[in-house]
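Trainee: I would like to see how this sequence folds:
(2 chains)
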Amino acid sequence: MGKIAFERPLIQKIQAGLPSKYGMVRRPEPIEDIEGISIESLLKEYGSPLFILSEKVLRKTYKEAYRAFSSRYPKVQFAWSYKTNYLNAVCKIFHQEGSWAEVVSGFEYEKALTNGVSGSKIIFNGPFKSREDLKKAIENDSLIHIDHFDELYELLNLARDLEKRPKVAIRVNMDTGIYPQWDRFGFNYENGEAWDALNRIMISKEIDLLGLHTHIGTYIMTVQAYEKAALKLADLAIGLQRKYKHKIKYIDMGGGFASKNTLKGAYYPGSDTTPSFDDFAEAIVSALMKSEFKPDHLPLLILETGRALVDDAGWLAGTVVANKRLADGRRATIIDAGVNLLFTSFWYEHDIRPAKHLSEHTEDTTIYGPLCMNIDVIRDHIQFPLLKKGDPYVVRRVGAYNNTQWLQFIMPRPPVILIDTQGGTHIIRDKETLETLNHCEHLPEHLT
Amino acid sequence: MKLKKNIAISETGFVFDPTTGDSYTLNSVGMEILSLLKEGLSREAISTKILEKYDVEKGVLERYLYDFLGQLKQYQLIEEDDEN
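Mentor: Presented below is the predicted three-dimensional model:
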């Protein structure tokens, strides 16, 4: 007869507190597979830790978002926010679905071109675009979103030098009733700077003003903020028609839609509080519809949402390294992925689960990453099942920002795999090695 | 090292300490260890029994057993022998 599976022994004092009327389940249920593929088998095949992306979820989420807007508004265009996840496979999936590219640096611009996006379908945002970047963007007819007056004057100079009219929009920041108010990107609406920029562009007659853009913030949970932003952009567009008889071609509402991850300090889980794509779409479209735009001359509505499209499609799986007890008797569990790979754990209470079935017992646990750094904490306090060394875990909703903001600190970064819509698995980014990193280094002769 | 005499253990994994009025819950392995302690078995004997019954390496068990007994001591459920 086989032996019984071992779980580490546990004794817990029963502490009766006030019952919560919300009665949320505190025990993280195990997630044993993704798209029907066992996580343990993936870890065995590709190593631990491992980023896993689902093509099915990416496409489904995109379709859901597109439907929410296109069923309310006749002209909708999404532009994939490269900074959220610029793994080429991810970008290609969004481009196949019909997304343009939204980039914020020369590097991302090159990446979009390499991914086969035509220049005229690349939106170039960001506060820093070099003269060379701008030159390339003008030559490729890309949509340049002007962030500040220095950039505007650089564009005017380039237009003269290249004898080609840049296609631009201005970035507008504004008070939408939310805190913090983002005022570092673009020109302010309330203090008249936005009009100042529009006047200079219209008077110069050397560049084509195609659109108006705003990026009101990140992880926005109030759809009313988008309604206000859309009304203010519409107001500028109508003003341009009146003053210069100039019709803009598009309104770009930027990104910032919240994902279902839970922010630190939030009382309710994000999955209960995050507005749906339909909520965002309703707020934005109803604002545009009630503005003075004529129904037969509606501008194209561009959306650059990143986080909400990709977060759900990513998982990080790995292995428990050790358990220990802290000074106050609390349990600490060390896992093989830390803030180096989960940059987002600085602001999310990440949904971490065991990746195999365990008993219903849990313990108040702090989950640490493997780094030799005190701030390497994945979860401060979590009622966590009794995982022991070698047990697998998985973190949900890690698709946004982690594959772009991850740190190569004290160890090479792990591989990323994609599960295609048929259930096939593909490595889309190799595990880094010592050679990968040494490749960029050179030793002066006297040190060899 | 032995369990305090007045500690009550239920078959379903509840522990009651009448001295402090505190109650505790146990998982199955915890329950097993506490029952063996109640029978008066030594650490080594407990270890042997668990190794016979559960799928676990000796080194792994030793770590967790040591930690578990430490917790029982912290909760003042066991008494150390005089010679310890």
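
Trainee: residues from chain B in reach of chain A?
Mentor: B:15, B:22-30, B:32-34, B:53-56, B:60-61, B:64-65, B:67-68, B:70-72, B:74-75, B:77 (C-beta under 8 Å from any C-beta of the partner chain). All C-beta spots, glycine's among them, are computed from the backbone N, C-alpha and C.

Trainee: ok, and what's touching stretch A:119-132?
Mentor: Stretch A:119-132 has contacts (C-beta atoms under 8 Å, 6 or more residues apart in numbering or on different chains) with A:79, A:100-106, A:109, A:112-113, A:133, A:137, A:139-145, A:147-148, A:151, A:154, A:158, A:167, A:171, A:184-185, A:213, A:215, A:252, A:302, A:304.

Trainee: Buried members of those residues into ChimeraX, please.
Mentor: To isolate the buried members of these in ChimeraX, using 16 or more other C-beta atoms under 10 Å in any protein chain shown:
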select /A:79,100,101,102,103,104,105,106,109,112,113,133,137,140,141,142,143,144,145,147,148,151,154,158,167,171,185,213,215,252,302,304
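
Trainee: May I have the predicted confidence score for A:F128?
Mentor: At A:F128, the model reports a pLDDT of 96.

Trainee: Return the backbone torsion pair for it.
Mentor: phi -130, psi 110 (degrees, to the nearest 10).

Trainee: what about it, distance to B:S23?
Mentor: To B:S23, A:F128 is 61 Å away according to C-beta to C-beta, to the nearest Å.

Trainee: more crowded one of the two?
Mentor: Ranked by neighbour count (other C-beta atoms under 10 Å in any protein chain shown), A:F128 and B:S23 place B:S23 first, with 16 against 11.

Trainee: Is the more buried one located within a helix, as I assumed?
Mentor: No. Read with DSSP: H, G, I helix; E, B strand; the rest coil, B:S23 is strand and lies in no helix.

Trainee: excluding its backbone neighbours, what's nearest it?
Mentor: Once flanking residues are discounted, B:S23 sits nearest to A:I14: 4.4 Å by C-beta to C-beta, 6 or more residues apart in numbering or on different chains.

Trainee: ok, the one you found - how many residues close by?
Mentor: A:I14 has 11 nearby residues by other C-beta under 10 Å.

Trainee: ok, now B:M1?
Mentor: 16.

Trainee: Please apply the same query to the one 3 residues further on.
Mentor: A count of nearby residues for B:K4, using other C-beta under 10 Å, gives 14.

Trainee: mind listing what it touches?
Mentor: B:D17, B:T19, B:Q76, B:L77, B:I78, B:E79.

Trainee: That one and chain A, how far apart?
Mentor: Note on B:K4: its distance to chain A, by C-beta to the nearest C-beta, to the nearest Å, is 14 Å.

Trainee: what sits against A:F94?
Mentor: A:L58, A:Y62, A:F78, A:W80, A:L309.

Trainee: Pull out the buried residues from the helix or strand containing A:L316.
Mentor: Per DSSP states H and E, A:L316 falls inside strand A:314-325. Buried residues in strand A:314-325, counted by 16+ other C-beta under 10 Å: A:G314, A:W315, A:L316, A:A317, A:G318, A:T319, A:V320, A:V321, A:N323.

Trainee: repeat for stretch A:332-346
Mentor: A:333-345.

Trainee: Just the closest of those to chain B, please.
Mentor: Relative to chain B, the closest of these is A:T333; by C-beta to the nearest C-beta it sits at 12.7 Å.

Trainee: residues from the stretch 251-400 of chain A in reach of chain B?
Mentor: A:N323, A:R325, A:G329, A:S359, A:H361, A:L386, A:K388, A:K389.

Trainee: make it 6 Å
Mentor: A:S359, A:H361 (C-beta under 6 Å from any C-beta of the partner chain).

Trainee: all helices for the stretch 251-400 of chain A, in order.
Mentor: Counting by DSSP state H, counting those that start in this stretch, the stretch 251-400 of chain A has helices at residues A:270-273, A:277-290, A:307-310.

Trainee: just checking, which of these comes out with the lowest mean pLDDT?
Mentor: For the helices of the stretch 251-400 of chain A, where the average pLDDT is lowest is helix A:270-273, sitting at a mean of 87.

Trainee: hmm, who's touching it?
Mentor: The contact list for helix A:270-273 (C-beta atoms under 6 Å, 6 or more residues apart in numbering or on different chains) reads A:K260, A:N261, A:T262.

Trainee: do stretch B:27-39 as well
Mentor: Contacts of stretch B:27-39 (C-beta under 6 Å, 6+ apart): A:E7, A:P9, A:L10, A:I11, A:S359, A:H361, B:L3, B:I9, B:G13, B:I46, B:K49.

Trainee: what does stretch B:41-56 give?
Mentor: A:K3, A:I4, A:A5, A:F6, B:I33, B:L36, B:L61.

Trainee: My reading is that A:E102 is in a strand; is that accurate?
Mentor: Yes. A:E102 sits within a strand when classified using three-state DSSP.

Trainee: helices or strands up against the host helix or strand of A:K56?
Mentor: According to DSSP H and E, A:K56 maps onto helix A:55-70. Packing partners of helix A:55-70 (3 or more C-beta pairs under 6 Å, 6 or more residues apart in numbering or on different chains; DSSP states H and E): helix A:88-97, helix A:277-290.

Trainee: tilt between the top helix by length along chain A and helix A:277-290?
Mentor: Selection of the longest helix in chain A by residue count, based on DSSP state H, yields helix A:223-244. Here helix A:223-244 points in a direction 30 degrees away from that of helix A:277-290 (axes from the mean of the first three to the mean of the last three C-alpha atoms, to 10 degrees).

Trainee: now what about the lengthiest helix in chain B, what contacts it?
Mentor: In chain B, with assignment by DSSP H, the single longest helix is helix B:58-74. By C-beta under 6 Å, 6+ apart, the residues outside helix B:58-74 that reach it are A:R8, A:P9, A:I11, B:I50, B:I78.

Trainee: nearest to A:L43, of the residues you listed?
Mentor: Checking those against A:L43 with C-beta to C-beta, the nearest one is A:R8 at 20.4 Å.

Trainee: what's the spacing between A:R331 and A:L358?
Mentor: For A:R331 relative to A:L358 (C-beta to C-beta), the value is 14 Å.

Trainee: ignore the last one, B:K38
Mentor: 26 Å.

Trainee: quick one: which of those two has more around it?
Mentor: A:L358 (19 against 14).

Trainee: What's the separation between the residue nearest the centre of chain A and A:P275?
Mentor: Note on chain A: the residue nearest the mean C-alpha position is A:R307, at 3.0 Å, using C-alpha atoms, centre = their mean. According to C-beta to C-beta, A:R307 and A:P275 sit 13 Å apart.

Trainee: Also A:A230?
Mentor: Taking C-beta to C-beta, one finds A:A230 at 15 Å from A:P275.

Trainee: These two: who's more crowded?
Mentor: Set side by side, A:A230 and A:P275 show more neighbours around A:A230, with 25 against 18, by other C-beta under 10 Å.

Trainee: Now that one. Nearest residue, chain neighbours left out?
Mentor: A:A287 (3.7 Å).

Trainee: same check, this time on B:G40
Mentor: That would be B:K2: by C-beta to C-beta, 6+ apart, it lies 6.2 Å from B:G40.
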